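>>> Quick one: sequence and predicted model below, then my questions.
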Protein chains: 2
Amino acid sequence: MNLSKIAIIGPGLLGGSIALALRKKCPETQVAVWARREEAVEEVLARLIADTASSRLEPVVRDASLVVLCVPIGSMPPLALQLAPLLDPATLVTDVGSVKGPVVEALAPIFENRARFVGSHPMAGSERTGLSAASADLFDGSVCIVTPGESPDRGTLEAVEKFWTLLGCRVAALSPSEHDRVIAEVSHLPHLLAAAMVNLVCEHNPDSLNFCGNGFRDTTRVASGSAVMWTEILRENRGPLKKTVEAMIEKLREVVDILEADDEARMRQFLTAAKNERDRIKARN
Amino acid sequence: MNLSKIAIIGPGLLGGSIALALRKKCPETQVAVWARREEAVEEVLARLIADTASSRLEPVVRDASLVVLCVPIGSMPPLALQLAPLLDPATLVTDVGSVKGPVVEALAPIFENRARFVGSHPMAGSERTGLSAASADLFDGSVCIVTPGESPDRGTLEAVEKFWTLLGCRVAALSPSEHDRVIAEVSHLPHLLAAAMVNLVCEHNPDSLNFCGNGFRDTTRVASGSAVMWTEILRENRGPLKKTVEAMIEKLREVVDILEADDEARMRQFLTAAKNERDRIKARN
């Protein structure tokens, strides 16, 4: 994979962290950043996050071997329409959107025959957002899911996988729809549960928060994430997510049954199954 | 409050941490530990966690101004029955059980006229258990809820509050039943949700755990707690907990409605309310 120049579209938490990680791990690579606002362009340059930065797309993507879309999901299609005519058909393009079905469906036709596109979802966000939270180490040890479409080009897929590996990610491939189902369960459901739990407690009695310990703190940490960003993420994935929340309601009905019956054996079984699986995650990291 | 000798009944995570915290913060205090098993007595002595230790109650509690029950909730009443005749009526007694209604109901009559009892719940557990996880700093900055009964003795309450403050806790007082309702929401519900979420994901496809990020990790961390201990805790509080889980199911139905209607404004409102309240916790600590 040619790493002479990489273009990053949008210097938020993820875009900024990709730039910083490249400067640390591939100091030879020229990093170019596009930002919509001039102040953001100036901040990128002032903080030495990229070699070049501009609010115009053309100079940023010119001669880039890889273009990474790091803007909110809703802004991707209009930007892709502006981008596509500027690219060489050999240019790799990927994105960092956390929902993949709708993104791939929108972007793949735009880039068809104009660039080599495959979607990505680096799972390295945090409840903080923006360039100020960016870090060269954000991706170290995190998982990045790449989402090839129905007839993926092997070379394109491998090149994008290599890029994320270089940044410190463990990479796995899933179809866009399988990605969205899995992410509904392991990312969007935790966010909704955290928010629902905070709301439940506070509607009852906000003073109860004075009594929360580490368990509540950990379990609800993600609820501090940007409400605007998460509203968009959850809406984009509302189909798979609705099914997941309904499955969770069923699980909680099972819990109510166990409590009602005061069924010690079933409660222990329920908690033991969860502990054993959760310990597998702990052991792995 | 007389701190010349304090007796700790049960050297687990909490009992061991109380002993270590006393040795660090009140080096003049004589710390005596009771353990059921001789090996545990030997471990306490070998690790210099207490000045004296024994598997017999009498020498441990003799001349103690405060006795702290740190055994599992189910073991408290039989131990209290053995303890009560050994105590001077001026002796303070408290416990560390994480459910207070049933504990206070069982212990208060046993200690009536035989010691000065008031329940406590130091919210400083972790998913680790046992003496090996004990730490002198476990209580620093944590909350301890003391639960006076209907006609509390001011002096007793203040002395027990002072003890926990000394160990590093912020102390608050709630009635036993109010404690159990609040704890169902801020401690037991998070545990059940974490376990339910892990089970949901793994029943569907255990490989999904390969794709979990920090959100899932934080939200499910407590599910690694001891299944045996938590089965007991959740069962003891099953009345208030059942109501809380039912309220959570209602909240999730609200979420399903929002997703079904693709109601952007309501979703943002739901997430914003949660974020604002969750940020209050973050700001405070």
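Received it, and whenever you're ready, just let me know what you need.
>>> Which residues are in contact with the residue most central in space within chain A?
Of all residues in chain A, the one closest to the mean position by CA atoms, centre = their mean is A:Ser98, 3.9 Å from it. Listed by CB atoms under 8 Å, 6 or more residues apart in numbering or on different chains, the contact set of A:Ser98 reads A:73, A:121, A:123, A:125, A:183, A:187, A:233. C-beta: built from backbone N, CA, C; applies to glycine.
>>> cool, A:Trp164 as well?
A:120, A:122, A:139, A:144, A:146, A:171.
>>> Could you rerun that using 6 Å?
Applying CB atoms under 6 Å, 6 or more residues apart in numbering or on different chains, one finds that A:Trp164 lies in contact with A:144, A:171.
>>> Now do the phi/psi pair for A:Pro27.
phi -60, psi -20 (degrees, to the nearest 10).
>>> What is the burial count for it?
8 (other CB atoms under 10 Å in any protein chain shown).
>>> Could you pick out which of the contacts of A:Ser98 are located in helices?
Members of these lying in helices (criterion: DSSP state H): A:183, A:233.
>>> of the contacts of A:Ser98, the lowest pLDDT goes to which?
On pLDDT alone, A:Gly125 ranks lowest of the contacts of A:Ser98, at 69.
>>> how about the residues of the stretch 101-250 of chain A near chain B?
A:123, A:143, A:182, A:185-187, A:190, A:192-193, A:195-196, A:198-202, A:208-209, A:211-213, A:215-216, A:218-224, A:227, A:230-231, A:238, A:242, A:245, A:247-249 (CB under 6 Å from any CB of the partner chain).
>>> quick one: which of these sit in strands?
A:Val143 (DSSP state E).
>>> Just the buried subset of the residues of the stretch 101-250 of chain A next to chain B, please.
A:123, A:143, A:182, A:185-187, A:190, A:192-193, A:195-196, A:198-202, A:208-209, A:211-213, A:215-216, A:218-224, A:227, A:230-231, A:238, A:242, A:245, A:247-249 (16 or more other CB atoms under 10 Å in any protein chain shown).
>>> low-confidence ranges in chain A?
Residue ranges of chain A with pLDDT under 70: A:125-127, A:283-285.
>>> Which residue ranges make up the domains of it?
A:5-174, A:179-284 (automatic domain parsing).
>>> Export these as CSV, with columns for distance to B:Ala50.
CSV is the format used below for the domains of chain A (distance: least, CB to CB, whole Å):
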stretch, distance to B:Ala50
domain A:5-174, 41
domain A:179-284, 26
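>>> Which of the residues in the biggest helix by length in chain A are classified as buried?
Ranked by residue count, the top helix of chain A under DSSP H comes out as helix A:238-261. Neighbour-count burial for helix A:238-261 flags A:238, A:240-242, A:244-245, A:247-249, A:251-252, A:255-256, A:258-259 (criterion: 16+ other CB under 10 Å).
>>> Tell me the secondary structure of the residue nearest to the centre of chain A, please.
Secondary structure assignment for A:Ser98 (DSSP: H, G, I helix; E, B strand; the rest coil): coil.
>>> Now it: phi and psi?
phi -90, psi 0.
>>> quick revisit: among the contacts of A:Ser98, which one lies nearest to B:Val93?
A:Ser187 (47.0 Å; CB to CB).
>>> Report all helices and strands that the helix or strand where A:Val93 lies contacts.
In this structure, A:Val93 sits in strand A:92-95 according to DSSP states H and E. Applying 3 or more CB pairs under 6 Å, 6 or more residues apart in numbering or on different chains; DSSP states H and E, we find strand A:92-95 packed against strand A:66-69.
>>> what does the strand it packs on contact?
Against strand A:66-69 from outside (CB under 6 Å, 6+ apart): A:6-9, A:61, A:76, A:92-95.
>>> What's the separation between A:Leu92 and B:Leu86?
Distance from A:Leu92 to B:Leu86, counting by CB to CB, to the nearest Å: 77 Å.
>>> which of the two has more neighbours?
Neighbour count, other CB under 10 Å: between A:Leu92 and B:Leu86, A:Leu92 has more, with 22 against 18.
>>> how about that one, what does it touch?
Contacts of A:Leu92 (CB under 6 Å, 6+ apart): A:66, A:116, A:159.
>>> now the residue found closest to it once you drop the neighbours it is linked to in the chain, which residues is it bridged with?
Spatial nearest neighbour of A:Leu92, chain neighbours left out: A:Leu66 (4.4 Å); criterion: CB to CB, 6 or more residues apart in numbering or on different chains. As for beta bridges, A:Leu66 partners with A:Ile6, A:Leu92 under DSSP bridges.
>>> Now find how far off-centre stretch A:195-211 is within its chain.
28 Å (CA atoms, centre = their mean, to the nearest Å).
>>> Start and end of that stretch, how far apart?
With CA to CA, to the nearest Å as the measure, stretch A:195-211 spans 18 Å from end to end.
>>> What of stretch A:198-213?
Using CA to CA, the gap from the first to the last residue of stretch A:198-213 comes to 13 Å.
>>> how much distance is there from that stretch to the middle of the chain?
The chain centroid and the centroid of stretch A:198-213 are separated by 29 Å, computed with CA atoms, centre = their mean.
>>> And for stretch A:141-148?
How far stretch A:141-148 lies from its chain's middle: 9 Å, per CA atoms, centre = their mean.
>>> How about stretch A:199-215?
Distance, centroid of stretch A:199-215 to centroid of chain: 29 Å (CA atoms, centre = their mean).
>>> Touching it from outside, list them.
In contact with stretch A:199-215 (CB under 6 Å, 6+ apart) are residues B:123, B:143, B:182, B:185-187, B:190, B:222, B:247-248, B:251, B:273-274, B:277, B:281.
>>> and chain A, which of the residues you listed reach it?
B:123, B:143, B:182, B:185-187, B:190, B:222, B:247-248, B:251, B:273-274, B:277, B:281.
>>> what about burial for the contacts of A:Ser98, which qualify?
Neighbour-count burial (16+ other CB under 10 Å) applied to the contacts of A:Ser98 gives A:73, A:121, A:123, A:125, A:183, A:187, A:233.
>>> From those residues, pick the one nearest B:Arg47.
A:Met123 (41.2 Å).
>>> Next, give me the two most distant ones among the buried ones among the contacts of A:Ser98.
So, the buried ones among the contacts of A:Ser98 by CB to CB: farthest apart are A:Ile73 and A:Met123, at 15.2 Å.
>>> how about the helices in chain A?
Using DSSP H, helices in chain A cover A:13-25, A:38-46, A:57-61, A:76-83, A:101-111, A:154-166, A:176-183, A:189-204, A:214-220, A:227-236, A:238-261, A:264-284.
>>> In a markdown table: those, plus distance to B:Pro176.
Formatted as a markdown table, those follow (distance: least, CB to CB, whole Å):
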| stretch | distance to B:Pro176 |
| --- | --- |
| helix A:13-25 | 45 |
| helix A:38-46 | 55 |
| helix A:57-61 | 64 |
| helix A:76-83 | 55 |
| helix A:101-111 | 50 |
| helix A:154-166 | 53 |
| helix A:176-183 | 42 |
| helix A:189-204 | 18 |
| helix A:214-220 | 20 |
| helix A:227-236 | 37 |
| helix A:238-261 | 19 |
| helix A:264-284 | 22 |
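>>> so which of those gets nearest B:Arg37?
Closest of these to B:Arg37 is helix A:264-284, at 22.8 Å (criterion: CB to CB).
>>> Other residues contacting that closest one?
Residues outside helix A:264-284 that contact it (CB under 6 Å, 6+ apart): A:258, B:195, B:198-199, B:202, B:209, B:220, B:223-224, B:227, B:230-231.
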